[in-house]
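**Q** can you look at this prediction? I've put the sequence above it.
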Amino acid sequence: MDSALLAQLDRLKVQGLAAPDVTTLEISLARHQLAKQYQVLNEEVDSVYQVKDLTFQFEGEDVITRLYYPTKEDLKSNTMMIYLHGGGWSFGDYQTHDGISRSFAHLSNIPVATISYALAPEKKFPYQHRQITYVIEQLIQILQQQNSSAPPQLIFLGDSAGANLALSIWQNYLSTQLQSYFAGMVLFYGVYTSGMQTYSWQTIGDGRYGLSSTAMQWYWSAFLETSEQMDQASPILANLNNLPPIWLMVGDLDPLIDDTTQLAHQLHIAKVKHACHILSGYPHGFLRFCNQLPAIRDVIMQAGKNAQQMLKGTFI
């Protein structure tokens, strides 16, 4: 593991802020502990021109979406990254992932909308898919109001469970018209299949680098109503044809690495423009150290450059 990352993990451990064990800790306590960890990680964040919180109503419940505008000119932009955060569908919100959202807006120079979608197990699959689709429709209306002279251009940005949601929502929940607004996707260490029989799960799925197969099974059971839904929630098994360009990133110490490389292989077969990058010495969930580690900031800058190319139609 990267030595700088190890130092950060040791610092959190000394402060009693190591990642909670979701399989043993009551979920409200686990969420509280995770929020405290992110509070420390978000003590020094990137600045942007404006941050705006919007509240949408979906089926009688509030959905808070936080908008990040890098510059004043972006207030009239027709482009936006739609960020779906990670956390096993059960953890995280617009506050915990504020630092990551700011970094992507600041370093990519693209406005970011972070959707604080409903969490499992309180809400189960596919509630999140329907809810996020509704919010995307509202965000498109906002972009059209900001800039009526050009059609909206969107980039799906997702990490871990958020990457799963982004790909699955595009495949199964967006109309052809909504799909046409997406210039591409930027996906980090995603959960693309429910299966855990891959080589990476078998060799490093014991939790030595953070994520364990036991925890992953807990996340799936919290998210799904029935085991029969596992295939429905595995985007690698759905139609991969006609997807927009996709930029993939995963660490080589992540048991989900084979999910990413297998997806890249399937995208190649489907003739979808894509790029797949592996970050040496990093495990699952490394984006949360975007305010501490220059290597992660470099990765975000690289992702931002590729997102800009997608928006310009020059990706690969």
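**A** Perfect, I can see it now. Numbering: from 1, shown residues only.

**Q** tell me the confidence at residue 195?
**A** On pLDDT, residue 195 comes in at 87.

**Q** please report the distance of it from residue 234.
**A** Remark: distance between residue 195 and residue 234 (CB to CB, to the nearest Å) = 8 Å. For the C-beta atoms, the positions are set from N, CA and C on the backbone; glycine is no exception.

**Q** same question, residue 31
**A** Taken as CB to CB, the span from residue 31 to residue 234 is 26 Å.

**Q** quick one: buried residues of stretch 20-32?
**A** For stretch 20-32, the buried set under the neighbour-count rule, 16 or more other CB atoms under 10 Å, comprises 20, 22, 27, 30, 31.

**Q** report the secondary structure state of the closest residue to the third one other than its chain neighbours.
**A** This means residue 27. Once flanking residues are discounted, residue 27 sits nearest to residue 90: 6.9 Å by CB to CB, 6 or more residues apart in numbering. Here residue 90 is coil, with the state taken from DSSP: H, G, I helix; E, B strand; the rest coil.

**Q** what's the burial count for residue 242?
**A** For residue 242, the count of nearby residues is 11 (other CB atoms under 10 Å).

**Q** wait, is it part of a strand?
**A** No - applying three-state DSSP, one finds residue 242 to be coil, outside a strand.

**Q** what's near enough to touch it?
**A** residue 272 (CB atoms under 8 Å, 6 or more residues apart in numbering).

**Q** let's see the pLDDT reported for it.
**A** 93.

**Q** likewise for residue 79?
**A** So, for residue 79, pLDDT stands at 97.

**Q** quick revisit: where's the residue nearest to residue 27 relative to residue 218, distance?
**A** Taking CB to CB, one finds residue 90 at 8 Å from residue 218.

**Q** list residues touching both of those two?
**A** residue 22.

**Q** can you give me the strands for the stretch 51-200 of the chain?
**A** Secondary structure of the stretch 51-200 of the chain (DSSP state E, counting those that start in this stretch): strands located at 61-69, 79-84, 112-115, 153-159, 182-188.

**Q** JSON lines for the ones you listed, including mean neighbour count and distance to residue 203?
**A** Shown next, in JSON lines, are the strands of the stretch 51-200 of the chain (neighbours: other CB atoms under 10 Å; distance: least, CB to CB, whole Å):
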{"stretch": "strand 61-69", "mean neighbour count": "19", "distance to residue 203": "38"}
{"stretch": "strand 79-84", "mean neighbour count": "25", "distance to residue 203": "28"}
{"stretch": "strand 112-115", "mean neighbour count": "27", "distance to residue 203": "34"}
{"stretch": "strand 153-159", "mean neighbour count": "26", "distance to residue 203": "22"}
{"stretch": "strand 182-188", "mean neighbour count": "25", "distance to residue 203": "21"}
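
**Q** out of those strands, which is closest to residue 125?
**A** Nearest of those to residue 125, taken as CB to CB: strand 79-84 at 14.1 Å.

**Q** give me the contacts around that closest one.
**A** 67, 97, 100-101, 104-105, 108, 110-115, 117, 132, 136, 139, 143, 152-158, 161-163, 165-166, 186, 307, 311.
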